[in-house]
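**Student:** Using only what follows, build the 3D model:
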Amino acid sequence: MLPSTWAQNPGDGKISAGPTVLVVGDSLSAEYGLKRGSGWVALLQERLSKERPGARVVNASISGDTTSGGRSRLPALLAQHRPNIVVIELGGNDALRGLALSMTEDNLRSMAQASRKTGAKVLLLGMQMPPNYGAQYSAKFTALYKQVANQSQSALVPFFLKGVADRPDPTELFQSDRIHPNEQAQARMLDNVWPELKKLLK
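**Tutor:** Modelled structure (predicted):
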């Protein structure tokens, strides 16, 4: 699938005078299965337009992407967009493919460090795996986000899908594939991100 790299900047095409937020993610941020403009990243631009006029959101998310893919794409994205804040939403596909946790952690740490070297602030969006992956694996996967955040001095949302994937009926806010959140879930996903992102905008 082609990258959904696009700037959501409701203006006349002029360079934004406000902060630039770069989102590097996978299908959870690339509007997989959703109508264009309904995903949480689009909702973020709408909220920023009201609270921080001139702010720009660049969505560089690709469905199916892994931390390795994000790591390889990041240098060019940093050079092109010069973001003030980098939001990293990756890792879920690593786990689904059974990739080594050490590799996922190393890739996330590298991305965070590379972003900070440019002067950008970093926000990691943590993920969790279902219980069927095994309690030990799930616990280690969840913990690696906190470890990377601490080591790289990045902000952290402990669980990006809180209130979506952990509901009494876990299918309620998901599409028919039971993997991707539906349109109704997008506002909650943004609400999970917003408190930590708002701190970085100060």
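
**Student:** Show the backbone phi and psi for the residue positioned nearest the centre of the chain.
**Tutor:** By Cα atoms, centre = their mean, the chain has its centre lying nearest to E89, at 2.6 Å. Here is the backbone geometry of E89 (degrees, to the nearest 10): phi -120, psi 80.

**Student:** quick one: pLDDT of the closest residue to it other than its chain neighbours?
**Tutor:** In space, and not counting its chain neighbours, E89 is closest to G25: 3.3 Å by Cβ to Cβ, 6 or more residues apart in numbering. Heads up, the C-betas are built off the backbone N, CA and C, glycines and all. Here the pLDDT value assigned to G25 is 98.

**Student:** Give me the phi and psi for G25.
**Tutor:** Here G25 shows phi and psi, under degrees, to the nearest 10, equal to phi -150, psi -170.

**Student:** tell me which element G33 is part of?
**Tutor:** Assigned by DSSP states H and E, G33 falls within no helix or strand.

**Student:** Contacts only, for it.
**Tutor:** By Cβ atoms under 8 Å, 6 or more residues apart in numbering, the residues touching G33 are 175, 177, 180, 182.

**Student:** which stretch of helix or strand covers G70?
**Tutor:** Using DSSP H and E, G70 falls in helix 67-81.

**Student:** packing partners for that helix?
**Tutor:** Helices and strands touching helix 67-81, by 3 or more Cβ pairs under 8 Å, 6 or more residues apart in numbering; DSSP states H and E, are strand 20-25, helix 101-117.

**Student:** I figured H180 was touching L173, is that so?
**Tutor:** No - here H180 lies out of contact with L173, judged by Cβ atoms under 8 Å, at a distance of 10.2 Å.

**Student:** Where do the helices of this structure begin and end?
**Tutor:** Applying DSSP state H to the chain gives helices spanning 40-51, 67-81, 92-96, 101-117, 135-152, 186-200.

**Student:** tell me which residues in stretch 107-116 are buried?
**Tutor:** Within stretch 107-116, the residues scored as buried using 16 or more other Cβ atoms under 10 Å are 107-112, 114-115.
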